[in-house]
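Asks: Have a look at this fold, sequence not included:
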């Protein structure tokens with residue numbers, strides 16, 4: 001019996017052949033609960049009516065692509081699960097696309113042509129090594145930092161934080 005047997009996966013890709021390949025890979029690991037849809041709008045509808053543990057979505061779809069789907073899952077007031085693990089798959093692996101997906105709140109990223117190993121590595125990562133979620137003024141999603149800084153000793157991490165602290169402390173002491 002597969003440890004993944006009871007997981008519910010939402011597979012979203014506008015290419016039926018890609019859905020068939022991905023579904024076959026998932027089924028080879030014993031995953032049986034796979035709901036397939038062809039675009040992000042249908043995926044949002046599926047989330048409202050079915051329990052989903054993990055979504056695997058294509059980047060480039062019409063009318064609603066994977067990035068916008070992810071933003072809506074993470075930030076929409078009527079989202080059924082803003083913490084849903086989302087694995088983005090795409091044939092376009094340019095750094096700008098990876099950053100766009102990351103900044104939308106994608107949990108993991110896999111490049112097409114996909115392999116069983118790549119898919120299972122990403123599934124294992126979201127299940128066995130989930131990242132904490134972060135909420136800021138302009139981002140909600142998994143922590144984008146994958147490594148901890150060994151020398152970090154405080155709550156602020158951004159390069160601009162030091163500037164803000166300096167400006168905030170720039171008072172003078174008059175005797």
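Replies: Received it, and whenever you're ready, just let me know what you need. As the structure is a computational prediction, the values presented were derived from the model and not from experiment. Numbers count the residues shown, from 1 in each chain.

Asks: Please make it C-alpha for all contacts and neighbour counts, starting now.
Replies: Noted.

Asks: Tell me which stretches of the protein form strands.
Replies: Counting by DSSP state E, the chain has strands at residues 8-12, 33-37, 54-58, 86-90, 108-111, 133-135, 140-142.

Asks: List the contacts of the closest residue to residue 103 other than its chain neighbours.
Replies: Spatially, and ignoring its direct neighbours in sequence, residue 103 is nearest to residue 139 (7.2 Å; CA to CA, 6 or more residues apart in numbering). Listed by CA atoms under 8 Å, 6 or more residues apart in numbering, the contact set of residue 139 reads 103, 104, 105.

Asks: Most neighbours among the residues you listed, which one?
Replies: Of all the contacts of residue 139, the highest neighbour tally under other CA atoms under 10 Å goes to residue 105, namely 31 neighbours.

Asks: just checking, that residue touches residue 72?
Replies: No - checked against CA atoms under 8 Å, the pair residue 105 and residue 72 is beyond contact range at 9.8 Å.

Asks: average pLDDT for stretch 20-31?
Replies: Stretch 20-31 shows a mean pLDDT of 96 in the predicted model.

Asks: So which residues make contact with that stretch?
Replies: Under the contact criterion CA under 8 Å, 6+ apart, stretch 20-31 has outside partners 1, 2, 3, 4, 5, 6, 7, 11, 32, 34, 114, 116.

Asks: Poorly predicted segments of this structure, please.
Replies: Judged against pLDDT under 70, the low-scoring parts of the chain cover residues 1-2, 146-175.

Asks: quick one: the helices in this protein?
Replies: For the chain, the helices identified by DSSP state H occupy 16-28, 40-49, 66-75, 95-104, 116-128, 159-169, in order along the chain.

Asks: With distance to residue 145 added, can I get these in CSV?
Replies: As requested, these are exported to CSV (distance: least, CA to CA, whole Å):
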stretch, distance to residue 145
helix 16-28, 28
helix 40-49, 26
helix 66-75, 18
helix 95-104, 10
helix 116-128, 14
helix 159-169, 14
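
Asks: if we can go back for a sec, deepest-packed of the strands of the chain, please.
Replies: Neighbour counts (mean count of other CA atoms under 10 Å) averaged over each of those peak at strand 54-58, with a mean of 26.

Asks: which residues touch residue 47?
Replies: Going by CA under 8 Å, 6+ apart, residue 47 touches residue 80.

Asks: Please tell me how far it sits from residue 36.
Replies: From residue 47 across to residue 36, the span is 12 Å (CA to CA, to the nearest Å).
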